[in-house]
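> structure of the sequence below:
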Amino acid sequence: MSAGEAEDTDFRELLGEDVIPLAGDTPLLLKRFAEVTPGTLERRRAAEALLAKDPNFLSTQDIPLIDPHAEISFLRPGVQYGVFKRLRLAEYRIETRLDLHGLTVEQSRLAVFQLVRDCLKHDLRVCLVSHGRGVGRQTPALLKSCVAFWLPQLPEVLAMHSAPQHLGGTGATVILLRKSERARQENFETYSRRPR
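As a prediction, the model looks like this:
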């Protein structure tokens with residue numbers, strides 16, 4: 001008797017005589033793991049490197065929740081109150097908008113961070129973020145709370161305030177960003193050449 005036959009006999013004895021084998025051919029479905037190729041390894045390394053280099057430091061943890069109808073307001077030290085007042089009243093032209101409705105917190109985190117980077121890259125100073133109030137949701141004002149928590153963490157944000165009613169009221173936030181390095185240099189060159 002071979003080793004395989006001995007195992008079969010031992011197995012049958014273990015099961016007993018009450019066990020009836022299944023009729024017909026029952027295919028055994030085994031899930032085959034994807035083959036790890038050099039390309040797979042390289043893509044994995046690239047994805048891990050991208051995550052390691054992600055400059056987005058905004059967190060989705062421990063976000064203090066605010067009331068859905070509360071006004072959001074932030075002013076960085078050194079910004080003139082007159083500038084802040086004009087922002088609050090939406091007297092500056094809105095140069096770009098971001099709508100977060102329907103996005104998850106993680107998608108919103110990425111979108112807000114990218115908005116600020118893109119605005120700096122294209123010399124845009126005033127933008128509007130529509131986040132909604134989240135009234136009637138399981139967690140009211142979740143995205144609004146996130147925006148209120150994230151924006152002051154970004155050094156490029158000089159000021160922000162809930163939008164006037166015609167731009168979304170407390171469901172949107174108007175943001176003032178600092179000038180890009182290029183715009184500051186152009187400004188310096190323009191005004192340093194003027195005769196005194």
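
> where exactly do the strands run in this structure?
73-75, 96-99, 126-130, 157-162, 172-177 (DSSP state E).

> so which of the ones you listed is the most packed in?
When you average the neighbours per residue for each of the strands of the chain (mean count of other C-beta atoms under 10 Å), strand 172-177 leads with a mean of 24. Just so you know, the C-beta spots here come from the backbone N, C-alpha and C atoms, and that holds for glycine as well.

> list the neighbouring strands of that one plus their orientation.
Strands that pair with strand 172-177, judged by DSSP bridges, come out as strand 126-130 (antiparallel), strand 157-162 (antiparallel).

> ok, back up a step: the strands of the chain: which one's closest to Gly16?
Of all those, it is strand 96-99 that lies closest to Gly16, at 67.1 Å by C-beta to C-beta.

> helices or strands up against that closest one?
With contacts taken as 3 or more C-beta pairs under 8 Å, 6 or more residues apart in numbering; DSSP states H and E, strand 96-99 sits against helix 105-121, strand 126-130.

> and the angle from the first one to strand 172-177?
It stands for helix 105-121. 40 degrees (axes from the mean of the first three to the mean of the last three C-alpha atoms, to 10 degrees).

> now swap in the shortest one and tell me
Interaxial angle of strand 126-130 relative to strand 172-177 (the same axes, to 10 degrees): 150 degrees.

> quick one: mean pLDDT over strand 126-130.
On average, the pLDDT along strand 126-130 is 96.

> what ranges do the helices span in this protein?
3-15, 38-53, 81-88, 105-121, 142-150, 181-192 (DSSP state H).

> which residues does the spatially closest residue to Leu142 that is not a sequence neighbour contact?
Using C-beta to C-beta, 6 or more residues apart in numbering and skipping the chain neighbours, the partner closest in space to Leu142 is Gly134 (5.5 Å). The neighbours of Gly134, taking C-beta atoms under 8 Å, 6 or more residues apart in numbering as the test, are 68, 140-144.

> verify the stated contact: Glu95 with Leu128.
No. Assessed by C-beta atoms under 8 Å, Glu95 is found out of contact with Leu128, at 9.0 Å.
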